[in-house]
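> just a sequence and a predicted model for now, questions to come.
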Amino acid sequence: METQAAMNYNRIAKAIDYIKTHFKEQPNLDDVAEKVSLSPAHFQRMFTEWAGTSPKRFLQYISIEHAKMLLKEEQATLFDTTFETGLSSTSRLHDLFVNIEGMTPAEYKNGGKNLQINYSYAESPFGALITASTAKGVCYMAFEDDEGKALSNLKAKFPNATLQRKLDLLQQNALFIFQNDWSQLREIKLHLKGTDFQLKVWESLLKIPMGKLSTYSYVAGQIGNPKASRAVGTAIASNPVAFLIPCHRVIQSSGSFGGYMWGSTRKTAIIGWERAKTRV
């Protein structure tokens, strides 16, 4: 049975889809509310509770013009040493709280045969997700409404690991990141299977502040390999931990948001939501 949180996100996703498809017509609140079968007042209230801002302001945050402005800001701060040190703890959330440790070959050999993995399902502002962890940290997080499909995808990553449905402290702490109050947030440990190049790319994504955006070419430059934009894109596309490793903050240099493993509408929703949270 669909929860209220899931129902609200699905309505918001439907609204975002409609807005993106009909942006040239500049749909008003009444038009969008009608498409998700709500009264304008109910839709406005639900949307504002979810995003922390009005639908009208949110529309500005997900526009290509706004994205281009953020990319220009990023280039302007490229040589500014205060960029990373001067940001608020809110916008530096991932950089400050998320720590990545790579799995050793022994840990993931033979399809993860030596790994004991706990997993659980949870709700988020962006739909249902599965979170999985080893004894050392979260190894997988993915948005997926279908629990059976979510488990199958996890098994495909670690076909020979011992899996147990259990919510542990590592997962609980990771899920705190979706709360509005981050005062309880402790360091989130990630334990990831990846090549040295992939790990380097994923670590660089942690430095993109919440509410900001970057490009594939900029990330390539950040890891000291400016000609590796395509390889960076491939590494980003194989990110095993949704949201915590913020691959959603990397967009095309044109300002278009581009693709996302968990759906382009969800990427748009997250970008707008984060921008709203950091503009309060």
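Done, it's in. Only a predicted model underlies this, so the values are computations on that prediction, with no experimental measurement involved. Numbering: from 1, shown residues only.
> next one, pLDDT for residue 8 please.
As predicted, residue 8 sits at a pLDDT of 89.
> quick one: residue 73 and residue 52, what's the gap?
21 Å (CB to CB, to the nearest Å). For every residue, glycine as well, the C-beta is placed using N, CA and C.
> over to residue 153?
From residue 153 over to residue 52 the distance is 31 Å, taken as CB to CB.
> between the two, which is the more surrounded one?
residue 52 (17 against 14; other CB atoms under 10 Å).
> sec struct for the residue nearest to the more buried one when sequence neighbours are not counted, please.
The shortest distance from residue 52 to any non-neighbouring residue, by CB to CB, 6 or more residues apart in numbering, is to residue 276 (4.8 Å). The three-state label given to residue 276 by DSSP: H, G, I helix; E, B strand; the rest coil is helix.
> tell me the spacing between residue 276 and residue 66.
12 Å.
> equivalent analysis for residue 200, please.
For residue 200, the distance to residue 66 equals 29 Å [CB to CB].
> residues in contact with the residue positioned nearest the centre of the chain?
Note on the chain: the residue nearest the mean C-alpha position is residue 243, at 2.5 Å, using CA atoms, centre = their mean. Shown in contact with residue 243 (CB atoms under 8 Å, 6 or more residues apart in numbering): 124, 126, 141, 177, 178, 270.
> per-residue confidence for the third one?
Residue 141 is assigned a predicted lDDT (pLDDT) of 98.
> pull the number of nearby residues for the residue nearest to residue 52.
20.
> test my guess that residue 129 contacts residue 120.
No - taking contacts as CB atoms under 8 Å, residue 129 lies outside contact range of residue 120: 9.6 Å.
> who has more neighbours, these two?
residue 129 (21 against 17).
> tell me what the more buried one is bridged to.
For residue 129, the beta-bridge partners are residue 122, residue 143 (DSSP bridges).
> contact partners for it?
121, 122, 123, 141, 142, 143, 144, 150, 242.
> tell me where this structure has strands.
Ranges of strands within the chain are 98-102, 116-122, 129-133, 138-143, 162-165, 188-192, 214-215, 250-251, based on DSSP state E.
> what comes up buried for the second one?
Spelled out, that is strand 116-122. 117, 118, 119, 120 (16 or more other CB atoms under 10 Å).
> for those, give me CSV that also has distance to residue 188 and pLDDT.
Shown next, in CSV, are the buried residues of strand 116-122 (distance: CB to CB, whole Å; pLDDT from 0 to 100):
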residue, distance to residue 188, pLDDT
117, 17, 98
118, 15, 98
119, 16, 98
120, 15, 98
